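**Student:** Fold the following.
(2 chains)
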Protein chains: 2
Amino acid sequence: MRGRLVPILAALQPIWLRRCFQTTSTLRSFSNQIIKSPSLLSLDLADSWSSTSKQSDSSPIQENTNNWTAKIIDGKAIAEGIRSRIASEVSRMKELIGQVPGLAVILVGQRRDSETYVRNKTIASEEVGFKFKMIVFPENCTECEVCNALCRFNEDPSIHGILVQLPLPQLEQHLDEAKILNVISLEKDVDGFHPLNIGNLAMQGMEPLFVPCTPKGCIELLLQSGVEIMGKKAVVIGRSNIVGLPTSLLLQRHHATVTVLHAFTKNPEKIAREADILVSAAGVPNLVRGSWVKPGAVIVDVGTNPIEDRRSEHGYRLIGDVCFKEATRIASAITPVPGGVGPMTVAMLLCNTLESAKHAFNFT
Amino acid sequence: MRGRLVPILAALQPIWLRRCFQTTSTLRSFSNQIIKSPSLLSLDLADSWSSTSKQSDSSPIQENTNNWTAKIIDGKAIAEGIRSRIASEVSRMKELIGQVPGLAVILVGQRRDSETYVRNKTIASEEVGFKFKMIVFPENCTECEVCNALCRFNEDPSIHGILVQLPLPQLEQHLDEAKILNVISLEKDVDGFHPLNIGNLAMQGMEPLFVPCTPKGCIELLLQSGVEIMGKKAVVIGRSNIVGLPTSLLLQRHHATVTVLHAFTKNPEKIAREADILVSAAGVPNLVRGSWVKPGAVIVDVGTNPIEDRRSEHGYRLIGDVCFKEATRIASAITPVPGGVGPMTVAMLLCNTLESAKHAFNFT
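**Tutor:** Numbering: from 1, shown residues only, chains lettered A, B, ... in the order given. Okay, here's the model as predicted:
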């Protein structure tokens, strides 16, 4: 009787709960094929303080010099490579089982930056051969209408990833973001914003179903650029649920020593200047000046701040959190805006959706 | 039809999932009565970088001097006060609804420190008037036997908190810790170790059902000692799932600027020396020497390392991670071992169990 209990318990748990605690070889091999990021479980190391903790920092990333011309980390090119490998996998899937991954996007309102992001996702999704569905709601739609649409996508077996483009418009707080995101089935939450995913991302010995796209993209940029993360001092500017927080947790799983700065941090400049790896996700144009950067540091600029520009096609252009001109003279490598983290976010979204579809079809 | 969708969806969700997203006034008022820790949601602040971020650190906690005699933070006395308020609440509950909170503990094997911890929990639990159940398994028991016992406690309406004393004995990895902990019903997981709880602890705008006991105890010690957390530099030594990680997340929710050190950190001494608040949870006796401490810092020593001592009653005594003699000369305040965090962990366990019972009985 007792011998049969565990399988029975397992069967009683919801599928997603079981999957949150499993690491299949599929997951690992997937990561190896398309992207460099390994499974988080495979990174786990015992913290043995005695041997390593007392060593002094004898290996700074680079010599201290003020004559850098930072290498530009070409997110656009790296993302293109990933998208091309995803397209091949989709072709193979279609050929072997007659199925393709499906992505569904819900857009509420007419924010011009949101529209740009969604357009980019649509194009990227169709280019790799995904099925793509989108519903656009007017700004004054009801919570119910959005939830209703999400439920239909949850039940649609041709859809493997669902996302709601954030931020939602707030007319008198009529749309509760947490409530709406909570309706998305965990197994299709390719943005990885569910608290259970964040918990599994944070905890050693656990593996989230999906790592949030932007943080995953940041790490992938570092790995593909040959930047070692383990043992490095990493500073993340910003602690948002969708970028700053998960990026800091992910860097910690990769064994960086992580400090998170936020608006209540005193003297952020001084702390940032100690970072070997500096990730800025504050959403403040030009917050990070040259004086914030340690000579030789690697900078990942997540900021995508629209500023008015009449010469530009859409009347605005995107700039980062980092004062690019100043930083390139001090850092050893930097991601540009645009063309850095942005394209990687889209590539990681496709990546998560492909992963989800592979699980759904049991396709390896 | 659409108007009725949200209530229907809510009804379809498991109860615990709904509760993870709600903040009842009960939760808030409870926190106010028994302990100082506020609800995490009530702490949330918008990160507005423009006004605060560029100020320099003009207010160190204390003047830089080497002539401190640190104030000893008396965890035993603070915990006694909390336990006494819990006992009053239990009496009130018994009088008004004829019910008391119930705590169940599972102990596997005969680790002497685990036996001590469980004994302390038993005594504390009975003193405040809780119902207490314990099952002791031999070291070579099966995973099934443990899970079976947990399931019975899950279904027992007189039990509101369940914990498995960790670490579990590992005879050829026969007991999977994550799998066993996962069997505990989320609504009775008073240790707060479930990934969903950790995710909700990490994310702004969310509130975990239960904050893990030791981290909650550390914050409570700081608050009851009048230590301001917001804007302070906090360094947490250790990143375990049960102490280091959740303590760092909790300090961040309280708006400290947090750095987590681990065994792969280079020059931890130098980083620790910058901390206004230093929490050590490495489990290494005397790791933190005087040279690791910033003059005037507040130290919370979570280490409870048993070392042999023939003169002691049980043949061993507990010492912390911090070299107490050296630290008291430099810090402004410090928790002793024993008598610091230890008693607070037990008090917070009682606190979480009372909270759980109040929810179960809808008792305010």
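
**Student:** start to end distance for stretch A:147-163?
**Tutor:** Start and end residues of stretch A:147-163 are separated by 12 Å (Cα to Cα, to the nearest Å).

**Student:** was I right about A:Leu107 contacting A:Tyr117?
**Tutor:** No: applying Cβ atoms under 8 Å, one finds A:Leu107 not in contact with A:Tyr117, separated by 9.0 Å. C-beta here means a position set from N, CA and C on the backbone, and glycine is covered the same way.

**Student:** got the domain boundaries for chain A?
**Tutor:** Per the record, chain A has its domains at A:98-190, A:212-346, by automatic domain parsing.

**Student:** Helix or strand: which one has A:Val136?
**Tutor:** strand A:131-137 (DSSP states H and E).

**Student:** what's the following helix or strand after that strand?
**Tutor:** In N-to-C order, the element after strand A:131-137 by DSSP H and E is helix A:143-155.

**Student:** Quick check: buried residues in that following helix?
**Tutor:** For helix A:143-155, burial by neighbour count (16 or more other Cβ atoms under 10 Å in any protein chain shown) applies to A:Glu143, A:Cys144, A:Glu145, A:Val146, A:Cys147, A:Asn148, A:Ala149, A:Leu150, A:Cys151, A:Phe153, A:Asn154.

**Student:** and the next element down the chain from that helix?
**Tutor:** According to DSSP H and E, the helix or strand after helix A:143-155 is strand A:161-164.

**Student:** Neighbouring strands of that next one in the sheet, and parallel or not?
**Tutor:** strand A:102-108 (parallel) (DSSP bridges).

**Student:** between the strand it pairs with and strand A:131-137, how big is the angle?
**Tutor:** Calculated by axes from the mean of the first three to the mean of the last three Cα atoms, to 10 degrees, strand A:102-108 forms an angle of 10 degrees with strand A:131-137.

**Student:** still on that earlier bit, out of the domains of chain A, which one sits most buried?
**Tutor:** Stretch with highest mean neighbour count among those: domain A:212-346 (a mean of 22; mean count of other Cβ atoms under 10 Å in any protein chain shown).

**Student:** For the closest residue to A:Lys36 other than its chain neighbours, give its distance to A:Ala347.
**Tutor:** Excluding the flanking residues, the one nearest A:Lys36 by Cβ to Cβ, 6 or more residues apart in numbering or on different chains is A:Leu223, at 4.1 Å. To A:Ala347, A:Leu223 is 13 Å away according to Cβ to Cβ, to the nearest Å.

**Student:** for the stretch 151-300 of chain A, what spans make up the strands?
**Tutor:** All strands of the stretch 151-300 of chain A, identified by DSSP state E, counting those that start in this stretch, fall at A:161-164, A:233-237, A:257-261, A:277-280, A:298-301.

**Student:** Which of the ones you listed sits closest to B:Glu207?
**Tutor:** Set against B:Glu207 and scored by Cβ to Cβ, those come closest in strand A:257-261, at 19.9 Å.

**Student:** Show me what that closest one packs onto, helices and strands only.
**Tutor:** Under the contact criterion of 3 or more Cβ pairs under 8 Å, 6 or more residues apart in numbering or on different chains; DSSP states H and E, strand A:257-261 touches strand A:233-237, helix A:244-253, helix A:268-272, strand B:257-261.

**Student:** now those as TSV including mean pLDDT?
**Tutor:** Below are these laid out as TSV (pLDDT from 0 to 100):
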stretch	mean pLDDT
strand A:233-237	98
helix A:244-253	98
helix A:268-272	97
strand B:257-261	98
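
**Student:** Could you dump those into JSON lines with distance to B:Glu308 added?
**Tutor:** Formatted as JSON lines, the helices and strands packed on strand A:257-261 follow (distance: least, Cβ to Cβ, whole Å):
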{"stretch": "strand A:233-237", "distance to B:Glu308": "37"}
{"stretch": "helix A:244-253", "distance to B:Glu308": "34"}
{"stretch": "helix A:268-272", "distance to B:Glu308": "41"}
{"stretch": "strand B:257-261", "distance to B:Glu308": "28"}
